[in-house]
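> Predicted model follows, preceded by the sequence.
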Amino acid sequence: MISMNTKDYKYPKEQIIIVGAGIAGLSLAIQLTENNIPCLVLEARDHFSGATSGVRISANGVKVLEKMGIHHIGEPTEKLIMYFGNNKISFNVNKKPNESAAIIVTRLAIFEKLRQRVEEMDIQILYDFTLDHVIEHETGVIAISSNGKHIEGKYLVGADGVGSKVRSLLNPDSKSNKRYAGYLGIGLIYPSDQKIEMSLFNNVNGNIGLGSIGRIHPNDNYTNNFL
Ligand SMILES: Cc1cc2nc3c(=O)[nH]c(=O)nc-3n(C[C@H](O)[C@H](O)[C@H](O)COP(=O)(O)OP(=O)(O)OC[C@H]3O[C@@H](n4cnc5c(N)ncnc54)[C@H](O)[C@@H]3O)c2cc1C
């Protein structure tokens, strides 16, 4: 017999279970809640902090953030050029009139803003829940953590990033594993108001070197450069 542990949750049977409180999982939770669809987010980590990195968000992505009530984050991107070996790759970062530009921002600053929004909307996140397996039944699904907690819901959505556990459960042959990308990125952060752009430089051993800008914390009043 399966012991349920759902009495603390508002909508155990009807809720959508989202696995992963990253950018994808939190964004989905916000948008479901805006549409009055109950949901619960399950997150393996017990908190978010520590080292961060820069993420570049396209103008369309910024539009989605703004729709979710997240404004004035990161730094606008004016130009982006990347080299992979000798191939130069150019990205179109031009914005349309009256639209915000693509941005570069730290992952932590995005999390802070999304979590702030999630709190305002009273969305539930259950931390320290590492999805291990799932039981499907006629009317829904039960998510089971590696330490035996059970959460019941109607549907389960995987937003658990690279090496997704959900994907490997749905499709055991998918080889949903992380693997070495072929280059190493080293990040250093220092405070400065100078703007620089992100680039990957070619060196004899492969692609190396990047720099980007963004705030570590949304309330920072200076820009942090990553190199
Ligand atoms: C150095 C670096 C730079 C990047 N730059 C960019 C960029 O410029 N632009 C861009 O679009 N993307 C960039 N990416 C990719 C970026 O990481 C993703 O776009 C983004 O973070 C994906 O968000 P996500 O929510 O899908 O996944 P993640 O951010 O990976 O979130 C997944 C969450 O699921 C949780 N989780 C995992 N397994 C389980 C489990 N079994 N049970 C419960 N929870 C679980 C994790 O703890 C995590 O919180 C970059 C990645 C790196 C490493």
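Nice, I can see it.

> Is the ligand within reach of stretch 65-73?
No - taking CB under 6 Å from any ligand atom as the criterion, stretch 65-73 and the ligand are apart, separated by no less than 12.0 Å. Glycine gets a C-beta too; all of them are placed from N, C-alpha and C.

> Pull out the buried residues from that stretch.
Of the residues in stretch 65-73, Leu65, Met68, Ile70, Ile73 count as buried by neighbour count, 16 or more other CB atoms under 10 Å.

> and which of the residues you listed is nearest the ligand?
Ranked by distance to the ligand (CB to the nearest ligand atom), the buried residues of stretch 65-73 are led by Leu65 at 12.0 Å.

> isn't there a strand covering the closest one?
No - under DSSP: H, G, I helix; E, B strand; the rest coil, Leu65 sits outside any strand and is assigned helix.

> That one touches Ile57, doesn't it?
Yes - using CB atoms under 8 Å, Leu65 makes contact with Ile57 at a distance of 7.1 Å.

> so what secondary structure elements neighbour the longest helix seen in the chain?
Looking across the chain with DSSP state H, the single longest helix is helix 107-120. For helix 107-120, the contact count by 3 or more CB pairs under 8 Å, 6 or more residues apart in numbering; DSSP states H and E identifies helix 23-34, strand 54-57 as packing neighbours.

> What are the neighbouring residues in contact with the residue nearest to Ile123 when sequence neighbours are not counted?
Spatial nearest neighbour of Ile123, excluding adjacent residues (CB to CB, 6 or more residues apart in numbering): Ala29 at 4.9 Å. Contacts for Ala29 (CB atoms under 8 Å, 6 or more residues apart in numbering) come out as Ile18, Cys39, Val41, Val118, Ile123, Ile125.

> In strands only, show me those.
Ile18, Cys39, Val41, Ile125 (DSSP state E).

> which two of those residues lie the greatest distance from each other?
With CB to CB as the measure, no two of these lie farther apart than Cys39 and Ile125, at 10.1 Å.

> When those two are compared, which one has more neighbours?
More neighbours surround Cys39 than the other of Cys39 and Ile125, with 23 against 17 (other CB atoms under 10 Å).

> before we move on, back to that, quick check: mean pLDDT of the longest helix of the chain?
In this model, helix 107-120 carries a mean pLDDT of 89.

> same check, this time on stretch 141-152
95.

> close to the ligand, is it?
No - on the criterion CB under 6 Å from any ligand atom, stretch 141-152 is out of touch with the ligand, staying 7.5 Å away.

> Begin at 775, not 1, for the rest of this chat.
All set: I'll call the first residue 775, so the last point we hit is now stretch 915-926.

> in that stretch, what counts as buried?
Within stretch 915-926, the residues that count as buried by 16+ other CB under 10 Å are Val915, Ile916, Ala917, Ile918, Ser919, Lys923, Ile925, Glu926.

> The first one against Glu926, yeah?
Yes - Val915 sits in contact with Glu926 when judged by CB under 8 Å, with a separation of 7.5 Å.

> interface residues of this structure facing the ligand?
Contacts of the chain with the ligand, taken as CB under 6 Å from any ligand atom, map to 793-799, 816-819, 827, 829-830, 903-905, 933-936, 939, 959.
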